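K.L.:
Provided below for reference: sequence and predicted model.
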Amino acid sequence: MALTEFGLIDRFFAGQPLINACSRLGIGDDCALIEVPDGCELAVTTDTMVENVHFFSDADPECLGHKLLAVNLSDLASMGARPCAATLALTLPSVDAAWLEGFSSGFIHLARRFSVDLIGGDTTSGALVLTVQAMGLVPKDMALRRASARVGDLVYITGDLGDAGLGLKVAQGLVSDAPEAVLQRLHRPEPRVAAGLTLRNLASACIDVSDGLVSDLGHLLRASGVGASIDWDRLPFSRAVADYITRTGDWQMPLTAGDDYELCFTIPPERENLLQERLHSLHCTCRKIGCIEVSQGLRVTKAGREVQITVPGFEHFTMAAR
Ligand SMILES: [Mg+2]
């Protein structure tokens, strides 16, 4: 039996109880209503995933549901915002109940884990395009921005770099002897929400690494009007990525591959002790990788010598012709 748009929304997405006090009205009216508490600002972000640009046609729908929300929560995390609500817009070539079941399950499971209310959305027919708008709350004037790194600040990164990039190589059939965990990092990224909340009072600037460290740290540096040096030998790698680099010599991959969704942040040196004291509340590791400098641009040293990055970061639509 064909599902109508309303049947589709009801069957897979409606009926979730609203859990945040700020969600005043959810799915079912012309708009949702959000009450922003006194002293807070609403952080809003949108991310779209397009078939054959951001994911392969045979991608697991449950992973897609997870990842679509996760990449939006990662943007909220990078601003130090606490996620509260999301809207979902689906453009679907056909109504495939099994696909929607998997997709909604991945989406809703992650939404519950991070207390995100699904408060509205839209469905249309067309080529497969998935869009989420996510909203979060942050105390007024406390949001972490890109533009506030200062000369002398230290550059830190959460977690490990390059796992998702290695996972992509496995998915493309370019690498065969990597553990399953790297595919998990590619398909089911974990947004660093707890780290973002902890960094509110600590970091001077922050960005999430979606398009590769060189690219995203570059955005932060340009926005702040500063430069930086990072030490390749300090970069945090999983065993799988370290083994891959040893085997192939491809030391640039973890600097330029996308989809890691770690947080890259800067911190004044005098707050480093405070960061150490609060490490447990980051819920992930973090590593100092460099420092902010006056001279514009990003310099990378490896074994004490400056090296040139020759591989560009991920840019949207460059994969479209595949
Ligand atoms: Mg971002």
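P.N.:
Right, received. Where do you want to start?
K.L.:
list the beta-bridge partners for the closest residue to the ion within the stretch 201-322 of the chain.
P.N.:
The nearest approach of the stretch 201-322 of the chain to the ion comes at residue 208, 4.4 Å away (C-beta to the ion). C-beta: built from backbone N, CA, C; applies to glycine. As for beta bridges, residue 208 partners with residue 263 under DSSP bridges.
K.L.:
also residue 299?
P.N.:
With DSSP bridges as the rule, residue 299 is bridged to residue 229.
K.L.:
one step back: does the residue of the stretch 201-322 of the chain closest to the ion touch residue 79 like I think?
P.N.:
No: under the criterion of C-beta atoms under 8 Å, residue 208 is not in contact with residue 79, lying 9.0 Å apart.
K.L.:
who's more crowded, these two?
P.N.:
Applying other C-beta atoms under 10 Å to residue 208 and residue 79 shows that residue 208 carries more neighbours, namely 25 against 22.
K.L.:
relative to residue 85, how far out is that one?
P.N.:
For residue 208, the distance to residue 85 equals 19 Å [C-beta to C-beta, to the nearest Å].
K.L.:
likewise for residue 130?
P.N.:
For residue 130, the distance to residue 85 - C-beta to C-beta - is 17 Å.
K.L.:
same question, residue 260
P.N.:
Taking C-beta to C-beta as the measure, residue 260 falls 26 Å from residue 85.
K.L.:
equivalent analysis for residue 149, please.
P.N.:
30 Å.
K.L.:
who's more crowded, those two?
P.N.:
The neighbour count for residue 149 versus residue 85, taken as other C-beta under 10 Å, is higher for residue 149 (29 against 26).
K.L.:
what sits against that one?
P.N.:
204, 205, 220, 221, 224, 226, 228, 266, 292 (C-beta atoms under 8 Å, 6 or more residues apart in numbering).
K.L.:
please apply the same query to residue 27.
P.N.:
Residue 27 is in contact with 9, 13, 14, 118, 119, 120, 121, counting by C-beta under 8 Å, 6+ apart.
K.L.:
how about those residues in CSV, adding neighbour count, secondary structure and pLDDT?
P.N.:
Shown next, in CSV, are those (neighbours: other C-beta atoms under 10 Å; DSSP: H, G, I helix; E, B strand; the rest coil; pLDDT from 0 to 100):
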residue, neighbour count, secondary structure, pLDDT
9, 22, helix, 65
13, 21, coil, 80
14, 14, coil, 74
118, 25, strand, 95
119, 25, strand, 94
120, 22, strand, 91
121, 18, strand, 88
